[in-house]
Structure formats: structure tokens, C-alpha cells
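S.K.: Could you work out the structure for the sequence below:
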Amino acid sequence: MNWLNKLNALVAIAAIGCGGGANEAKAPPEAGAGMPGSASSAGSDSGVAGASGSNASGSAGSSRGGSPSGSMGGSAAGSVGLGSACKGATPVCLKNTTRPGNAPALTTGAWLNISPPQVPFATVPNVFTQGLATDPCDSSTLYLTISAFDIVAANAGIYKSVDAGSTWRHVSGLDEPIHIVVDPNDSNHLYAVDGVRGNSEGFWTSCDGGESFYQTDGFKALEKAESLFQYDVYDIAVDPTDFNHILLAHHGAWGWTDTKWNTSSGVLESNDGGENWIVHPPMDGWGTGHAINFLYDPELKIGDRNTWLLGTQGAGMYRTSDAGKTWKKVSEVGIQHGGGDIYYDKAGFVYASAASSIIMSKDNGATFSPVTLPVNGGFNTVFGDGTSVFLAPDFGNSHYYTSPEGDGVSWQQFSAQTFGSGPFSMGFDSANNVLYSANWTDGMWAVKVR
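M.R.: Numbering: from 1, shown residues only. Below is the predicted model:
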């Protein structure tokens, strides 16, 4: 990538969430106005057509101490949607952990670029990866979301690999979703969220492994039922014990100063896979452009379904232990522009990515303290493999760094390789000890960690 494309790429990353594209997400509608330019044009529970025909698969290229608190109620909205389509299907979970014979050959400790060759990272400016998902039922199945300011030239959208990243196929018609999540008990059941820009904003469900997506009536009903602009979704969190329990956070405000939302956005919650929604209003000053995570690890017996962490892009981070009825500020540091994530290590420490560093909690997010790192920058994610915690900053040429789980103090360089942009999201194949990383403008990478 030449210097001009690199410069444009950095501008693109800085702009995501706050402008910078011809097809940037529309602002919330004014009072009495119709909802502009959103995915509601898909019609009543309509699916999005597959898009694999023009993007055939090819060989690869080279899962989140304060003071102010608030109390607020939540309101229920929504009605019957098309979620019953998934309910009538038989769950598919192969429990496959074998890497196929044509899977990319990985060397322990050496990152390999496994980006979809259909995506022109090197030749088209402002093309970047976002969401990455591994299929818990099939370790060879991967999903990657691609965004761009020119979605046509970039071949943006969702890419799926069934051979651990050796080949990729462009699936569904969603143009540039931010996150994608796979049901741990059903490979065909997926959620995707789309926001910031594009023509397929909102919360989407797939019942066929990402080939098509639909939007429930309950989600679409929120605009009129609650007078809010709900389509510009920024983040999704799924309850680790119940895939039907969903939290959404937003990029754009739910309404202007002449609405009760006052240029902020809160949290949407569903307990039935998106059929019906509970609206949890924002606290004053939250603004918008948030990350949302469950502070819940059932294996470690930490937290529960009602304990959440919301990260803002200026007002810090907030914790609730009563499903959004009250919130307490637990960090003055907010999330990095683009999104935020958390990771529980085996000792029960909670790491959270943040705007100027990584922060860590030893009391499940009740208090956080900064982590001293050998590298400066903002972080969109922090992840681990059960043995080590991995991280790298978003911007500038940098290495990955690791720390033993349960430590968080001693950090060392993972390898000699450097990256022009760090990870937006990461995933791990525990059966084969393969770590995956979606690195903004640098594409999709894989490494065998041991």
C-alpha cells in the first residue's frame, strides 16, 4: 500500500462513527419526519438476497472507582416478528474441530494473512475489516465483515469461509455490517448489526448460516412505538447462557434536542431473539457511539445476565447490575473510537479496551485501573487464548503484545511482525490453538499460538 493509500486509510479509521463517506448513516429524523435511508425499506420481515454470484470464492491472500449513578425505567416495545422461522428449524451443530486438508498452513508464532482475495485492501482506499466471528460448532467456519466508503469498489459486506480461511465467499446482501455473532448451539443461527453508513442498517437475523438475513417486526416497530431512531446500530452483546438475550448499542442518537433522547442513545434489550424489545434510556451526558458488553462469565461463575458494561466515547464507562434500572460510572476513560470489548482471563480479571490504554478490573467491573503497557495508543479489543492475553493498538506500526493470564503486569512482544493497523476484533479456535485477528485496513490474519 503506498503512502497516500495509508494516509487515506488512517483518515477512514478516524472517521468511522462520525462521518466521512457519501453513504454515511443518516441523522435521526426530526419530529414528525419519516425514518430516512434505513433498512426498513426491506419490507415486512423480508430477507436480504444472497450476494455470492458476483464474488466467487478464491484462495486466500498473502468475541467485551466511579461516582455518578442514575436510576431510570425501561419500557417494552415490539410485536410478533419472523423469529419463528428459526424456531421451526432443526439446530445444526456438527461439533467439528478438525482443520480441513486445504486449511492455510500456519507456523507457530508467525502471523499469516488470510484475507478474502476479493477485497482490494491494497488498491482501493478506505477499505477496512470490522467484525470477526468463529463458529463454536465448526472450527473451520469463519465470518468477516468488510466496510468501506465505496462499498461497490471494495466488495464490502459479509464473507464466509468453511475451510479456516483458505477460501472465502461473499454472502447475503448486507452491505457493511459492523458485528456478526454465531449461535453456539446452531451454526445456521446468526445475528448481525449494521450502522454508521450504508443501506442495510439495523439488527438482522439469519437462519441459514448467513446466506440471507431478515429484520423482525418488533425491531422495526420501535421507531413509532418509542419515537426513536433505532437503525444505526454500533454494537451487540449476547448473553453467554442464552442466545435469545440480546443487547444493542448505537452509533447515532435516538433523537434530537427536541426529543426526550436529547442527542443521546441508550440500550435496547431483547429476551426473545429480537421479537420484542425493552428500551433502557440513556443517562444525561452519555451522548452516543457506545459499546455494550455483558459482565458475565458462567464458567468462572462471575456476574449474571443483569450485569452489563456500557462504554461511551467521552463520558467514561458505566456499569449496571440490575439490567439497566440504575447505572454507576466505573471509569473516566471511555472506549476507543469505533468500539470497545472486554475479556475475562482465567483468573477472573476483566480487561476492557479503551481510548488511551487497556483498563483492568478484579471485581467484575465495579472498579477499573489502568494497565501499564509497553506501547501507547487506543484499543478496540483485547483478547486471550486461555493462557495469554493479546493486544495491539489501532494506529501506527506496532507489534502484538502478550501477558500471562492472571498477570496483567508483565508484557512482552509476541513476534517481530508489525502491523500498520491493529485489531478491531479477534477470535480463537481452542481446538487447534489458532488465533484470528481482523486488523482494520490490514485485513484478516491467523497465527498458531502453540
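
S.K.: pLDDT below threshold where in the chain?
M.R.: Applying pLDDT under 70 to the chain flags residues 1-85.

S.K.: make it 80
M.R.: Across the chain, the ranges flagged by pLDDT under 80 are 1-85, 87.

S.K.: Please enumerate the helices of it.
M.R.: Using DSSP state H, the helices of the chain run over 3-15, 84-87, 217-220, 222-226.

S.K.: Can you pull up the most central residue in the protein?
M.R.: His179 (3.7 Å; Cα atoms, centre = their mean).

S.K.: Next, the contact list for Lys95, please.
M.R.: Contact analysis of Lys95 by Cβ atoms under 8 Å, 6 or more residues apart in numbering lists Cys137, Asp138. In short, each C-beta sits where N, CA and C put it, glycine included.

S.K.: again, only this time at 10 Å
M.R.: Shown in contact with Lys95 (Cβ atoms under 10 Å, 6 or more residues apart in numbering): Pro136, Cys137, Asp138, Ser139, Ala431.

S.K.: Most neighbours out of these, which is it?
M.R.: Ser139 (22 neighbours; other Cβ atoms under 10 Å).

S.K.: related to what we said a few turns ago, quick check: closest non-adjacent residue to the residue nearest to the centre of the chain.
M.R.: Using Cβ to Cβ, 6 or more residues apart in numbering and skipping residues adjacent in sequence, the residue nearest His179 is Gly131, 4.1 Å away.

S.K.: Number of residues surrounding the one you found?
M.R.: Using other Cβ under 10 Å, Gly131 has 26 other residues around it.

S.K.: Surely it touches Gly339?
M.R.: Yes. Counting by Cβ atoms under 10 Å, Gly339 is a contact partner of Gly131 at 9.4 Å.

S.K.: Overlap of the contact sets of these two?
M.R.: With Cβ under 10 Å, 6+ apart, Gly131 and Gly339 have common neighbours Ile178, His179, Asp235, Phe424, Ser425.

S.K.: Pick out the most distant pair among these.
M.R.: Using Cβ to Cβ, the two most remote members of these are Asp235 and Phe424, lying 11.7 Å apart.

S.K.: what do these two both touch?
M.R.: Shared contacts of Asp235 and Phe424 (Cβ under 10 Å, 6+ apart): Gly131, Ile178, His179, Gly339, Asp341.

S.K.: ok, so of these, who is nearest Ser161?
M.R.: Nearest to Ser161 out of the shared contacts of Asp235 and Phe424 is Gly131 (Cβ to Cβ; 14.0 Å).

S.K.: what's that closest one in contact with, if anything?
M.R.: 63, 143-147, 158, 177-181, 192-194, 235-236, 339, 424-425, 427, 438.

S.K.: buried stuff in stretch 120-137?
M.R.: Buried positions in stretch 120-137, judged by neighbour count with 16 or more other Cβ atoms under 10 Å: 121, 124-137.

S.K.: residues in contact with the residue lying closest to Phe419 once chain neighbours are set aside?
M.R.: Leaving out its chain neighbours, the residue that sits closest to Phe419 by Cβ to Cβ, 6+ apart is Asp442, at 5.2 Å. Applying Cβ under 10 Å, 6+ apart, we find Asp442 in contact with 1, 9, 111, 113, 115, 121, 128-129, 419-423.

S.K.: I'd like the residues you listed written out as JSON lines, with distance to Phe368 added.
M.R.: Listed next are these as JSON lines, based on distance: Cβ to Cβ, whole Å:
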{"residue": "Met1", "distance to Phe368": "36"}
{"residue": "Ala9", "distance to Phe368": "31"}
{"residue": "Trp111", "distance to Phe368": "30"}
{"residue": "Asn113", "distance to Phe368": "34"}
{"residue": "Ser115", "distance to Phe368": "34"}
{"residue": "Phe121", "distance to Phe368": "35"}
{"residue": "Phe128", "distance to Phe368": "28"}
{"residue": "Thr129", "distance to Phe368": "28"}
{"residue": "Phe419", "distance to Phe368": "27"}
{"residue": "Gly420", "distance to Phe368": "29"}
{"residue": "Ser421", "distance to Phe368": "25"}
{"residue": "Gly422", "distance to Phe368": "21"}
{"residue": "Pro423", "distance to Phe368": "21"}
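
S.K.: Among those, which lie within strands?
M.R.: Judged by DSSP state E, the contacts of Asp442 include Asn113, Phe128, Thr129, Phe419, Gly420, Ser421 as members of strands.
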